[in-house]
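[1] what's the 3D shape of this:
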Amino acid sequence: MGKYIVEFIGTFFLVLTVVVAVAKGGVMAPVAIGSALMVMIFAGGHISGGHFNPAVSLAVLIRGAMSAADFVPYIIAQLAGGAVAALVATSVLGISHEAAGAFGAAGGPGVAAAFVAELLGTFALAWVVLNTATTKSNEGNSFYGLAIGFTVTAMAYGLGGISGGAFNPAVGLGVSVAGMTDWANIWVFAVACLAGGALAAIMFKVCYHLDD
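    Numbering: from 1, shown residues only. A predicted model of the protein is given here:
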């Protein structure tokens, strides 16, 4: 049970930071978001692995570094953490957003571009997670949280203007609950992110041949 609670807490603070920082942080929002992910990974990674993202959990499952029995409870904890964080930010902290339109709407990013941006950003995130946090060759390193957090920061700056930069279905749910994006976009955050995580795991298994 402890690891599921850790996944809820980590995802909660990640999504809370997303909702508040995008409203208040200006151009520094991606730094705050990446930093929140970094510290939550360092805080909870030794208990749950510090996924805080259904796409990362899928990548770790395909890679063979988590049990199938844990997968669904992880997803439930992560989605619950994201939704509750959005509700706290909007209903308790008074954060409000003007919702972005649906992908493909007039003047907005195209659906294809947003899908590719979410897939690529999530691929990069899951790829870094798998290579820094799940391999014996990097076992015991002290940089994995920083590497993962900075990946989110870099992808948010690079691709966030195209898709919103969720790279995480739990964040996609949270920003939808918070009114930051049109609910019509939720499928992109779900499908593209999960596809990115799965593809990263497949490529990891192709490339990583050391004794893991």
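
[2] Distance check, the most centrally placed residue in the chain against Lys136.
    Centroid-nearest residue in the chain: Asn168, 3.2 Å away (criterion: CA atoms, centre = their mean). Going from Asn168 to Lys136 by CB to CB, to the nearest Å gives 27 Å. (Each C-beta comes from the backbone N, C-alpha and C, glycine too.)

[3] one step back: nearest spatial neighbour of the residue nearest to the centre of the chain, skipping sequence neighbours?
    Closest residue to Asn168 in three dimensions, ignoring its sequence neighbours and counting by CB to CB, 6 or more residues apart in numbering: Asn53, at 4.2 Å.

[4] ditto for Gly101
    Distances taken as CB to CB, 6+ apart place Gly108 nearest to Gly101, at 4.7 Å, with adjacent residues excluded.

[5] Run through the residues that contact that neighbour.
    Residues in contact with Gly108, defined by CB atoms under 8 Å, 6 or more residues apart in numbering, are 100-102.

[6] related to what we said a few turns ago, so who does the residue nearest to Asn168 touch?
    By CB under 8 Å, 6+ apart, Asn53 lies in contact with 11, 78, 125, 167-171, 193, 197.

[7] So which of these wins on neighbours?
    Ala170 (35 neighbours; other CB atoms under 10 Å).

[8] Quick check, that residue in contact with Thr11.
    Yes: Ala170 is within contact range of Thr11, at 5.1 Å (criterion: CB atoms under 8 Å).

[9] which residues do the two both contact?
    The contact sets of Ala170 and Thr11 overlap at 52-53, 78-79, 81-82 (CB under 8 Å, 6+ apart).
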